[in-house]
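# Provided below for reference: sequence and predicted model.
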Amino acid sequence: MKIEELVPLTNGLSVTACGQTLVCDRTRIRRVNDYAVDIKFWIAGTDYVPGLRLTRERLLKATADEVAKIVRRVVRCAVACK
C-alpha cells in the first residue's frame, strides 16, 4: 500500500466500539523519517484524535484490509481507554 492511499482509506472508515458506530475523518499523514509515517485522524463527533506510527516497510507490504484492521483496533482502544 502506498502512503497516498492512506487518506482515502481512513477518511470515512466506520468502526463499531462500545455499542456505537464511530467514523474516522480528517486523516493527517506525516513522514517521520525515511523509515516511518505518523497517522492521526479525528473520530467524528468526539474529541478523540488517535494516532499510530507505521514503518514504511510495514505499510508498503500491507494490504488495505490490514491497514483498516490496524486503524479499527487503534480506534477501539482509544475509545475504550477513555
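Okay, I see it. Numbering: from 1, shown residues only.

# who's in contact with Val75?
Neighbouring residues of Val75 by Cβ atoms under 8 Å, 6 or more residues apart in numbering: 15, 17, 22, 24, 43, 48, 50. Just so you know, the C-beta spots here come from the backbone N, C-alpha and C atoms, and that holds for glycine as well.

# Please tell me how far it sits from Tyr35.
Val75 sits 25 Å away from Tyr35, taking Cβ to Cβ, to the nearest Å as the criterion.

# So which of the contacts of Val75 are in strands?
Among the contacts of Val75, the members found in strands (DSSP state E) are 15, 17, 22, 24, 43.

# My guess is the second one contacts Val79. True?
Yes. With contact defined as Cβ atoms under 8 Å, Ala17 counts as touching Val79 (4.6 Å).

# same question for stretch 25-43, mean pLDDT?
Averaged over stretch 25-43, pLDDT sits at 91.

# Please read the previous query as pertaining to stretch 11-20.
Taken as a whole, stretch 11-20 has a mean pLDDT of 88.

# Run a quick neighbour tally on the residue lying closest to Val32 once chain neighbours are set aside.
Leaving aside its chain neighbours, Val32 sits nearest to Asp38 (5.6 Å; criterion: Cβ to Cβ, 6 or more residues apart in numbering). Neighbourhood size, Asp38 [other Cβ atoms under 10 Å]: 13.

# State the phi and psi torsions of Asp38.
Dihedral angles of Asp38 (phi, psi; degrees, to the nearest 10) stand at phi -100, psi 140.
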